[in-house]
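In: Sequence first, then the predicted structure, then my questions.
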Amino acid sequence: MKPPTLTRIDYPAMVLAKSLAVPIRAVGWLCLWLVCFHCGGQRTNAEEPNLAEPKKSAVAGAEIELRVFEEQPLTASDREHWSFLPISRPLLPDVQASDWCQTAIDRFIVAKLEDRQLAPASLASRGVWLRRLKLDLLGLPPTLEEIAAFEAEHEPDADSRLVDRWLASPRFGERWAQHWLDLARFAETDGFEHDKVRENAWEYRDWVITALNADMPYDEFIRQQLTGDLAEGATDSIATMFCLASADMPDINNQELRRYDRLNELTASIGSVLLGLQIHCAQCHDHKYDPISQADFYRLRAIFNEAMPELRRDQPFNVFAGDKPGESARFYFRGELNQPGPTVVPAVPRIAVAPASAAPPFESQPRVVFAKWLFDSNNPLTARIIVNRLWQHHFGQSLLDNPSDVGVIAGGPSHAELLDWLASEMQRQSWSMKELHRQIVLSAVYRQTSMQRDGDEDLSSRWQQDRDGRLYSRFPRHRLDGETIRDCMLAVSGLLNTQAGGPGIMPPLPESMTGTLLRGQWKSEADPAAQMRRSIFVFARRNLRYPLFEVFDRPDAGASCPQRDRSTTAIQSLQMLNSELSLQCAAGLHRRWRAANSGSSAEDVERLFQLALGRVPTSTESSALSAFLAAGTSEMELAACLTLLNTSEFVYAD
């Protein structure tokens, strides 16, 4: 039996053996036997291991190998995991409910439902779809004028024209940029103790908004974020803030450790965001479950080694500035800076290279080569990851258990054929993200109701077999994020300022919060109008999140966030009822409502519902609110406005 390959060998025994005149080769075989006995047998059907250059050092007057490493070879079983298989465009399945289907997407969903003897839910009303659509695409509620115009539109292509109009809106990028900024660990400060402002960090946020509004193809979108500094334009390096957006500690004494940590964090983020691989687990040891070795981690890290120059104390660094040859990239035993190992050359993880294709050559400009390889037809990971992310933000849930993990224990996709169809479609559409948005929101599965309807005979079966909504037998009702809730409150109250771009703004905060900060870390805007700008432009401080965002689960930007939590807490209700922002918005809604006073109690109640929720009230709702307002006082009217802003319907996408 051939002994297993080794991940690491230390040779202190060899030095002792030499001094005792014991044959070193015999001691080496003894060490090898002990490791074999401990580790057990090797994988079968393995590919050849990839060996790294051993480091040599003079010990006791003789040059001997101090440490070498080998990698566990990949097996046929590793290759057979679904995420590493090539993308093949599946045929559209035959379904009985073909009349219900409006796009190719619907057939994949219906086929899975029919396998369980289930039928999809009925379609939601046009008004529900309209609100859902605008919240999704623009992060804002539809206006009364938009609702009226849509209800009066009866042309067959009315829905698709509306989708195209909203996809072309500048508000689109302001909505979808936040999803990417969560992945990019974006903030405008460094974090840690001093949390100093990161100069011009807001330029990256604006770059993302502009790129999304222009429907920059996804391959170009990523290429600029990895290699923008290598272009001729003076501002192209702004996009590379993606690579360096993580927390930083410029004042640390050990600048070598600072550089080391930032390279490691960058490598981990590239792996999870772009490839869906939790490669950070291999920083210290071979991955326990996935076929990713520690050497895979450091070879991927080596791609960015020359882009990270030597850092200097108290000097911030948040963009690449061209490749500068320096110290060779190395392997680090146990992931510790003080245990450097052999040099390594840039390469992508071995498992991500299809067996029939050659690994990309990295002799020069490794970042350029890597950016090109990401979108090679033989790489199945990039396309699968991004189409799943787009799906996730439309339905409030992913086709995968973890949108940033396609590894062995992460769980496979709920609809594998749909995922591959979406991936192949995006490749066919030249990596256009807006085209995929369009196909998703015009599908029947996106138009389904999320609520029980009278006469729904399949409701009981649907709930029994699809409790978590993973089969999409109904639209997954989900709570809005804090940024969208704030923007909706400002919009319905007439206070929203749509001024775009520029440095982040700082709305007023309670003294109890600002008192916890260092002096001058939060300077509230003096201009009341500036305080009401969209949430995407609120200053993003790592050590202090805006209160409404905090209670509604905004991530802290300490790490890439693929999917936000959705908690339900009492603090959320207290924030929505008692915060200064809520009271201001209730007052603004009240002013809008009273400005259109009809003199009729019933019509006034209807008008208030339309302003706040975009629909007319039911008879029960109308009676209850009319009785509440019977006293006719301004305090009661303000309370009614505040109440509607606090309804479940206001903070959920139905």
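Out: Ah, there it is.
In: and stretch 544-558, how far out from the chain's middle?
Out: Between the centre of stretch 544-558 and the centre of its chain there are 15 Å (C-alpha atoms, centre = their mean, to the nearest Å).
In: which residues touch that stretch?
Out: With contacts defined as C-beta atoms under 8 Å, 6 or more residues apart in numbering, stretch 544-558 is touched by 182, 185-187, 191, 195, 245, 247, 479-483, 485-486, 507, 509-510, 513, 516-517, 521-522, 535, 538, 540, 542, 561, 564-567, 569, 571-572, 575, 579, 581. For glycine as for every other residue, the C-beta is placed from the backbone atoms N, C-alpha and C.
In: Quick check: ChimeraX command selecting the buried ones in the residues you listed.
Out: Per 16 or more other C-beta atoms under 10 Å, the buried members of those correspond to this ChimeraX selection:
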select :182,185,186,187,191,195,245,247,479,480,481,482,483,485,486,507,509,521,522,535,538,540,542,561,572,575,581
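In: For stretch 281-297, measure first residue to last.
Out: In stretch 281-297, first residue to last residue: 9 Å (C-alpha to C-alpha, to the nearest Å).
In: Quick check: mean pLDDT of that stretch?
Out: Averaging pLDDT along stretch 281-297 gives 95.
In: Just the ones in strands from the contacts of stretch 544-558, please.
Out: If you go by DSSP state E, those have residue 479 in strands.
In: Any stretches of the protein with poor pLDDT?
Out: The chain contains residues with pLDDT under 70 at 1-66, 233-234, 452-459, 598-599.
In: how about a cut-off of 80?
Out: Scanning the chain for pLDDT under 80 picks out the ranges 1-69, 232-235, 451-464, 597-600, 632.
In: which other residues reach stretch 258-270?
Out: Stretch 258-270 has contacts (C-beta under 8 Å, 6+ apart) with 184-185, 243-244, 246, 248-250, 252, 279-280, 283, 297, 300-301, 304-305, 308, 310-311, 332, 335, 337, 559-560.
In: ok, 6 Å please
Out: Contacts to stretch 258-270, defined as C-beta atoms under 6 Å, 6 or more residues apart in numbering, come from residues 243, 246, 252, 280, 283, 300, 301, 304, 308, 311, 337, 560.
In: Not counting residues beside it along the chain, what's closest to residue 192?
Out: Distance criterion C-beta to C-beta, 6 or more residues apart in numbering; nearest residue to residue 192, sequence neighbours excluded, is residue 249 at 4.9 Å.
In: Likewise for residue 538?
Out: Using C-beta to C-beta, 6+ apart, the nearest residue to residue 538 is residue 546, at 5.4 Å.
In: Next, count neighbours for the one you found.
Out: 22 (other C-beta atoms under 10 Å).
In: The strand or helix carrying residue 106: how far from the chain's middle?
Out: Using DSSP states H and E, residue 106 falls within helix 104-115. Distance of helix 104-115 from its chain centroid, counting by C-alpha atoms, centre = their mean, is 26 Å.
In: What is the very next helix or strand once past it packed up against?
Out: Note on helix 104-115: by DSSP H and E, the next helix or strand toward the C-terminus is helix 126-138. Packing contacts for helix 126-138, counted by 3 or more C-beta pairs under 6 Å, 6 or more residues apart in numbering; DSSP states H and E, involve helix 170-183.
In: who's in contact with the helix it packs on?
Out: By C-beta under 6 Å, 6+ apart, helix 170-183 touches 137-139, 208-209, 212-213, 273, 393, 483, 534, 536, 555, 560-561.
In: now that we have these, which one has the most neighbours?
Out: residue 208 (28 neighbours).
In: would that one count as being in a helix?
Out: Yes - under DSSP: H, G, I helix; E, B strand; the rest coil, residue 208 falls within a helix.
In: Which residue, neighbours along the chain excluded, lies closest to it?
Out: Spatial nearest neighbour of residue 208, excluding adjacent residues (C-beta to C-beta, 6+ apart): residue 177 at 4.5 Å.
In: just how off-centre is the longest helix along the chain within its chain?
Out: The residue-count maximum for a helix in the chain (DSSP state H) belongs to helix 255-275. Here helix 255-275 is found 17 Å from its chain centre; the criterion is C-alpha atoms, centre = their mean.
In: How about stretch 494-506?
Out: 23 Å.
In: that older thread, pull out the buried residues from the contacts of stretch 258-270.
Out: 243, 246, 280, 283, 300, 301, 304, 308, 311, 560.
In: For the residues you listed, give me TSV that also has distance to residue 633.
Out: Shown next, in TSV, are the buried ones among the contacts of stretch 258-270 (distance: C-beta to C-beta, whole Å):
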residue	distance to residue 633
243	58
246	53
280	59
283	63
300	66
301	66
304	64
308	64
311	63
560	51
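In: Determine which two of those are furthest apart.
Out: With distances taken as C-beta to C-beta, the most widely separated pair in the buried ones among the contacts of stretch 258-270 is 311 and 560, at 21.9 Å.
In: circling back to that earlier point, could you dump the contacts of stretch 258-270 to CSV with distance to residue 445?
Out: Compiled in CSV, those are given as follows (distance: C-beta to C-beta, whole Å):
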residue, distance to residue 445
243, 36
246, 37
252, 50
280, 34
283, 40
300, 37
301, 41
304, 40
308, 44
311, 49
337, 50
560, 28
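In: Residue 106 reaches residue 443, doesn't it?
Out: Yes - in this structure, residue 106 is within contact of residue 443 by C-beta atoms under 6 Å, at 5.3 Å.
In: could the buried ones among the contacts of stretch 258-270 be laid out in TSV, adding secondary structure and distance to residue 623?
Out: Listed next are those as TSV, based on DSSP: H, G, I helix; E, B strand; the rest coil; distance: C-beta to C-beta, whole Å:
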residue	secondary structure	distance to residue 623
243	coil	58
246	coil	55
280	helix	57
283	coil	63
300	helix	64
301	helix	66
304	coil	64
308	coil	66
311	coil	67
560	coil	50
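In: which of these lies closest to residue 325?
Out: Of the buried ones among the contacts of stretch 258-270, the one sitting nearest to residue 325 (C-beta to C-beta) turns out to be residue 308, at 11.9 Å.
In: what's near enough to touch that closest one?
Out: Counting by C-beta under 6 Å, 6+ apart, residue 308 has contacts 259, 263.
In: hmm, back to that, could you check the helix holding residue 106 and say which residues are buried?
Out: 104, 105, 106, 107, 108, 109, 110, 111, 112, 113, 114.
In: Mind giving me the packing neighbours of it?
Out: Using 3+ C-beta pairs under 6 Å, 6+ apart: helix 104-115 touches helix 444-447.
In: Alpha carbons of the helix it packs on, as PDB, please.
Out: Once non-C-alpha atoms are left out, helix 444-447 reads as follows in PDB (Å, rounded to 0.1, in the frame of the first residue of the first chain):
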ATOM      1  CA  ALA A 444     -45.600  33.600 -13.000                       C
ATOM      2  CA  VAL A 445     -43.800  32.200 -10.000                       C
ATOM      3  CA  TYR A 446     -42.800  35.800  -9.000                       C
ATOM      4  CA  ARG A 447     -46.400  36.900  -9.500                       C
END
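In: Give the next helix or strand downstream of that helix.
Out: Sequence-wise, the next helix or strand downstream of helix 444-447 (DSSP H and E) is helix 459-465.
In: Enumerate the strands of the protein by residue range, in sequence order.
Out: Under DSSP E, the chain gives strands at 9-10, 55-59, 62-68, 330-332, 340-343, 478-479, 652-653.
In: What helices and strands are in contact with the fifth one?
Out: What that stands for is strand 340-343. strand 330-332.
In: quick one: strands adjacent to the strand it packs on?
Out: Sheet pairing of strand 330-332 (DSSP bridges) gives strand 340-343 (antiparallel).
In: Any buried residues in the strand it pairs with, and which?
Out: Residues 341, 342 are the ones in strand 340-343 that count as buried (16+ other C-beta under 10 Å).
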